[in-house]
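Undergrad: What would the 3D arrangement of this be:
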Amino acid sequence: MSNQYLLLIDKSVAKRLQKFSAKQYKQIVSKLLSLASTPKPQDCKALKGVKGGYRVDSGEYRILYYLIEPVGEQRGQVQIFRVGKRNDDEVYRNL
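TA: Okay, here's the model as predicted:
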């Protein structure tokens, strides 16, 4: 069985990604794709008060996601639910 996690991206995140410049888009999507094989990279941190929630940085942006570990034959999942600027707290609103 593959150790790849299933990568799920919320519709709102996909919509937001389309608005980034080509350079930012490539940088963020590269990080998103790497989460499928390494869901807990060295620079990730757990979100306080959000069970199974993690954050990771990609340039000047922060990626928030849920990690669902594999159970038995079921694949694990990485669900991306928000991408936002690192320098403001907007990315953490309404968690």
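
Undergrad: Tell me which stretches of the protein form strands.
TA: Taking DSSP state E, the strands of the chain run over residues 6-9, 45-46, 53-58, 61-68, 77-85.

Undergrad: Could you pull out the buried residues of stretch 62-81?
TA: For stretch 62-81, the neighbour count (16 or more other CB atoms under 10 Å) marks 62-68, 77-81 as buried. In this view, the C-beta of every residue, glycine as well, is placed from N, C-alpha and C.

Undergrad: Any stretches of the protein with poor pLDDT?
TA: 1-2, 95 (pLDDT under 70).

Undergrad: Mind listing residues that contact stretch 30-44?
TA: With contacts defined as CB atoms under 8 Å, 6 or more residues apart in numbering, stretch 30-44 is touched by 3-7, 9, 54-58, 63, 65, 67, 76, 78, 80.

Undergrad: now with 6 Å?
TA: With contacts defined as CB atoms under 6 Å, 6 or more residues apart in numbering, stretch 30-44 is touched by 4-5, 7, 54, 56, 58, 67, 78.

Undergrad: could these go into JSON lines alongside distance to residue 89?
TA: Shown next, in JSON lines, are the contacts of stretch 30-44 (distance: CB to CB, whole Å):
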{"residue": "4", "distance to residue 89": "33"}
{"residue": "5", "distance to residue 89": "28"}
{"residue": "7", "distance to residue 89": "26"}
{"residue": "54", "distance to residue 89": "17"}
{"residue": "56", "distance to residue 89": "17"}
{"residue": "58", "distance to residue 89": "17"}
{"residue": "67", "distance to residue 89": "22"}
{"residue": "78", "distance to residue 89": "23"}
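
Undergrad: among those residues, which ones are buried?
TA: Judged by 16+ other CB under 10 Å, buried ones among these: 5, 7, 54, 56, 58, 67, 78.

Undergrad: List just the nearest of these to residue 20.
TA: Relative to residue 20, the closest of the buried ones among the contacts of stretch 30-44 is residue 58; by CB to CB it sits at 10.8 Å.
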